[in-house]
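Novice: Predicted structure and sequence below. I'll ask about it afterward.
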Protein chains: 2
Amino acid sequence: MISAKMLKMTEGGSAIRAMFEEGARLAAKYGRENVYDFSLGNPNIPAPEKVRREIVRIASETDPMELHGYMSNAGYPETRARVAQSLNRRFGTDFHTDSILMTVGAAGGLNVLLKTLLNPGDEVLVFAPYFLEYGNYVSNFDGVLKAVPANIAGRFQPDAQALREALTERTKALILNNPNNPTGVIYTEESLRAVAAVLEEAERRFGHPIYLLSDEPYRELAYDGRVTPWPTGFYRDTLVCYSWSKSLSLPGERIGYIAIPPACADAKLIFDAAVIANRILGFVNAPSLQQKLVAECLEEGTDLAAYDKNRRALYEGLTRVGFDCVYPDGAFYMWVRTPGDDNEFVKRAKDHNILVVPGSSFACPGYVRIAYCVSYDTIVRSLPAFEKLAAEYGLSK
Amino acid sequence: MISAKMLKMTEGGSAIRAMFEEGARLAAKYGRENVYDFSLGNPNIPAPEKVRREIVRIASETDPMELHGYMSNAGYPETRARVAQSLNRRFGTDFHTDSILMTVGAAGGLNVLLKTLLNPGDEVLVFAPYFLEYGNYVSNFDGVLKAVPANIAGRFQPDAQALREALTERTKALILNNPNNPTGVIYTEESLRAVAAVLEEAERRFGHPIYLLSDEPYRELAYDGRVTPWPTGFYRDTLVCYSWSKSLSLPGERIGYIAIPPACADAKLIFDAAVIANRILGFVNAPSLQQKLVAECLEEGTDLAAYDKNRRALYEGLTRVGFDCVYPDGAFYMWVRTPGDDNEFVKRAKDHNILVVPGSSFACPGYVRIAYCVSYDTIVRSLPAFEKLAAEYGLSK
């Protein structure tokens, strides 16, 4: 007697979460140090010390009415102004207070934008491989998610030609996740310009805006000195969803924002509607104390060097024993081609106490995602297990 | 080009929020102390001192990975267990950890439950007057909200007979808000038993569960030693939505829970689906630090005496000059009959710098809601203005 849609979902469940529970089971059996759980994208670097200090200071010094009370559904003006200024300083943009809507994480932000934009039957495109939860977000508002096939030949950069073929008159938006989960690839400026050109042409052809929803929780997790290209300069109708889940290691706190460039089509209308959507979806506003906190931590970052150390050790360790890994520019994921079926590979990896997520869970079979947001020690101790797995598959060294 | 549904909403806007902005305008013009803004249900009592102390302690002592990391989408097991134990102790219930789902406030909880339960076209009943936002929540999931007419003769207790007439085969749920916004009435045990009898009869007649969604953010705001009746003992298929917005004055923090009684129809299925709904609607989980906080503050309450003092002063002051007020048992709202049209009354009140919300905004014209969660001083200084307004209307003293 519950919703038919939800009934179906209770029968599926989340593959990633199931893996998480499997990890707990194996850890209980073999000891946590003997299980190599690479399944969940939960930052293993603690929040910067400044986060603790600021929470204590803010709670001690702020009038509780101001700290815990209602504010505009868009968030505290002060926080929104500071976010806008920070973006303008970093990317030469022209955001102002009313360009920024504070949200319950990037997942909240995406739901708010999809609620704001979609009519039933509208299509939303996404480049495979992709975070399958996008499909649920789109389905919440009776939209239809359509995947643009993975660009395997192009090392998982977005394929503008394939995008052109997927666009239809019903296309309302394209979700783009940069740096990318699950591949760890950073979409280059060149790729984004090609995507923008295709979208612009489609806007002209169909006579209506097509919004690029840029989901950027991993923005600051970029290695080798790279900077994730800021998309609003390449394409006018870009809406950015951000979260501090990874950059400040605050995934449980649910704090993020939507940035709406002033030049974007219907910018004011989108802002006004998104504020209402934020309210009526039941978010009401982003958690107030966290809004105060992030305003003080805009220049803080996570310990990128620690992730980078993991990344190098894992990449080197896996390629050495013959695995074909996509070179990970960003995020904390390694995307590895499986010799044979990916679900079978995941099962066989589990026999070595290695937990990874099949590419099928990202609409891209034949690969696995290895989340290396784990201790360096786990990486090092897992390598012999990976080596045995490689040997089982007869990979050449 | 945004969603047609949302476009329509941007044209409406929230009457209560508009009033809030009008208040700011008047305050700028006449000085804040000369404006009597009773429009918004924002607690004016600060969070208890223990809240500050616990935030500082929790932030100082807790491993940041534990404090800010992901947990089960249902929330920290420790918090959920403590909430269950607290309810069991207070109400003799048999909740356990998996009966409790931590939510982004009660608004988040209601959205999660409606997502969990509704198929398109399902009907949800509510007793008028009611918080109009319920209509938006139900519409999010393509349900149809139907109001049971206000029970004016019965001083706004729920009218079981009128409920019986409103029930149809498509009725999936009844939202009940106790203590009530906007009337300040506490639905009595007798009323709840009568409602339960009607719902039970309808469940038998239609052969499927009809869920009572009990929205209880004002539960602890009950005066004269009254206790808001706990509903799950009267009616099996009750789902409770709670928030600490009022009891701990934390409305900006968005922290609450859903309680699902083990005996409720499809209890396990509802829990499992609600956890998924919490995730895919983009809440993911209730804010983590706030979950830790409320677990430590389950026995804390707000300064009820301060609200009570306001309540008495306002009730006495208004009835003395001839207004017909519903005696407010709970929450922080006074529900007052308007001599003539309520929208006209609101306009004329504004000429005396009094801001109140018309009953029309709660689907019950002919009344206004006065939110007395303001300073006592505001109450006292507003009374001469109310007296002038009463005189204008020729009310008898």
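Specialist: Yes, it's here. Residues are numbered from 1 along each chain as shown, chains lettered A, B, ... in the order given.

Novice: host element of A:Ile370?
Specialist: Following DSSP states H and E, one finds A:Ile370 within strand A:367-371.

Novice: does chain B sit close to that strand?
Specialist: No - judged by C-beta under 8 Å from any C-beta of the partner chain, strand A:367-371 stays clear of chain B, getting no closer than 12.1 Å. Placement of C-beta: from N, CA and C, glycine included.

Novice: For the next helix or strand along the chain from that strand, name the packing helices and strands.
Specialist: Counting by DSSP H and E, the next helix or strand C-terminal to strand A:367-371 is helix A:376-392. Packed against helix A:376-392, as judged by 3 or more C-beta pairs under 8 Å, 6 or more residues apart in numbering or on different chains; DSSP states H and E, are the following elements: strand A:36-37, helix A:304-320, helix A:342-350, strand A:354-355.

Novice: can you give me the helices in chain A?
Specialist: Along chain A, the stretches classed as helices by DSSP state H are A:4-12, A:15-30, A:49-61, A:64-68, A:77-91, A:105-117, A:133-140, A:160-166, A:189-206, A:267-280, A:288-296, A:304-320, A:342-350, A:376-392.

Novice: quick one: which of those has the weakest pLDDT on average?
Specialist: With a mean of 79, helix A:15-30 has the lowest mean pLDDT of the helices of chain A.

Novice: And that one, what does it pack against?
Specialist: Under the contact definition 3+ C-beta pairs under 8 Å, 6+ apart, helix A:15-30 sits against strand A:36-37, strand A:354-355, strand A:357-358.

Novice: So A:Ser382 is in contact with A:Val356, correct?
Specialist: No - with contact defined as C-beta atoms under 8 Å, A:Ser382 does not reach A:Val356; the gap is 10.2 Å.

Novice: Quickly list what's touching both of the two.
Specialist: A:Phe38 (C-beta atoms under 8 Å, 6 or more residues apart in numbering or on different chains).

Novice: So between those two, which is more surrounded?
Specialist: The neighbour comparison of A:Ser382 against A:Val356 (other C-beta atoms under 10 Å in any protein chain shown) goes to A:Ser382, with 27 against 24.

Novice: Now do the strand holding A:Ile370: which elements does it pack against?
Specialist: Judged by 3+ C-beta pairs under 8 Å, 6+ apart, the packing partners of strand A:367-371 are strand A:333-337, helix A:342-350, strand A:357-358.

Novice: For the stretch 101-250 of chain A, which residues are neighbours of chain B?
Specialist: Counting by C-beta under 8 Å from any C-beta, the stretch 101-250 of chain A comes close to chain B at A:104-105, A:107-112, A:115-119, A:133, A:136-137, A:140-141, A:172, A:208-209, A:249-250.

Novice: Kindly recompute the last result at 7 Å.
Specialist: Counting by C-beta under 7 Å from any C-beta of the partner chain, the positions of the stretch 101-250 of chain A adjacent to chain B are A:104-105, A:107-108, A:110-111, A:115-119, A:133, A:136-137, A:140, A:208-209, A:249-250.

Novice: got the contact list for the closest residue to A:Ser382 other than its chain neighbours?
Specialist: Spatial nearest neighbour of A:Ser382, excluding adjacent residues (C-beta to C-beta, 6 or more residues apart in numbering or on different chains): A:Tyr36 at 3.7 Å. Applying C-beta atoms under 7 Å, 6 or more residues apart in numbering or on different chains to A:Tyr36 gives the contacts A:Asn353, A:Ile354, A:Leu355, A:Thr378, A:Ser382, A:Ala385.

Novice: What degree of burial does the second one show, as a neighbour count?
Specialist: Read it as A:Ile354. A:Ile354 has 23 nearby residues by other C-beta under 10 Å.

Novice: what's A:Pro241 in contact with, if anything?
Specialist: Careful, residue A:241 is Cys; it's not Pro. Taking C-beta under 7 Å, 6+ apart, we find A:Cys241 in contact with A:Ala106, A:Gly109, A:Leu110, A:Leu113, A:Leu213, A:Ser214, A:Asp215, A:Glu216, A:Gly256, A:Ile258.

Novice: Repeat the analysis, applying 10 Å as the threshold.
Specialist: With contact taken as C-beta atoms under 10 Å, 6 or more residues apart in numbering or on different chains, A:Cys241 is in contact with A:101, A:103, A:105-113, A:175, A:177, A:213-217, A:256-259.

Novice: beta partners of the residue nearest to A:Ser382?
Specialist: Beta-bridge pairing of A:Tyr36 under DSSP bridges involves A:Ile354.

Novice: what about it, distance to chain B?
Specialist: Separation of A:Tyr36 from chain B (C-beta to the nearest C-beta, to the nearest Å) stands at 18 Å.

Novice: what do you get for A:His352?
Specialist: Separation of A:His352 from chain B (C-beta to the nearest C-beta): 25 Å.

Novice: Please verify my assumption that that residue contacts A:Ala385.
Specialist: Yes - applying C-beta atoms under 10 Å, one finds A:His352 in contact with A:Ala385, separated by 4.1 Å.

Novice: and for these two, which residues touch both?
Specialist: With C-beta under 10 Å, 6+ apart as the test, A:His352 and A:Ala385 both reach A:Val35, A:Tyr36.

Novice: coming back round to it: just how off-centre is the strand holding A:Ile370 within its chain?
Specialist: Distance of strand A:367-371 from the chain centroid (C-alpha atoms, centre = their mean, to the nearest Å) equals 15 Å.

Novice: Check the burial of the closest residue to A:Glu169 other than its chain neighbours by counting its neighbours.
Specialist: The shortest distance from A:Glu169 to any non-neighbouring residue, by C-beta to C-beta, 6+ apart, is to A:Phe206 (5.2 Å). A:Phe206 has 14 neighbours, counted by other C-beta under 10 Å.

Novice: same check, this time on A:Glu11
Specialist: 8.

Novice: quick one: contacts for it?
Specialist: Neighbouring residues of A:Glu11 by C-beta under 10 Å, 6+ apart: B:Asp272.

Novice: Quick check: A:Glu203 touching A:Leu174?
Specialist: No - A:Glu203 is beyond contact range of A:Leu174, at 11.4 Å (criterion: C-beta under 10 Å).

Novice: Quickly list what's touching both of those two.
Specialist: In contact with both A:Glu203 and A:Leu174: A:Leu167, A:Ile210, A:Tyr211, A:Tyr235, A:Asp237, using C-beta under 10 Å, 6+ apart.

Novice: So which of those are in strands?
Specialist: A:Tyr211 (DSSP state E).

Novice: ok, the shared contacts of A:Glu203 and A:Leu174 vs A:Tyr327, which is closest?
Specialist: For the shared contacts of A:Glu203 and A:Leu174, the residue nearest A:Tyr327 by C-beta to C-beta is A:Tyr235; the value is 25.8 Å.

Novice: Tell me the spatial nearest neighbour of the closest one, not counting adjacent residues.
Specialist: A:Ala196 (3.8 Å).

Novice: What is the burial count for the one you found?
Specialist: Using other C-beta under 10 Å, A:Ala196 is surrounded by 19 other residues.

Novice: how close does A:Arg279 get to A:Leu101?
Specialist: 11 Å (C-beta to C-beta, to the nearest Å).

Novice: Which of these two has more residues huddled nearby?
Specialist: Neighbour tally, A:Arg279 and A:Leu101, criterion other C-beta under 10 Å: the higher count belongs to A:Leu101, 30 against 20.
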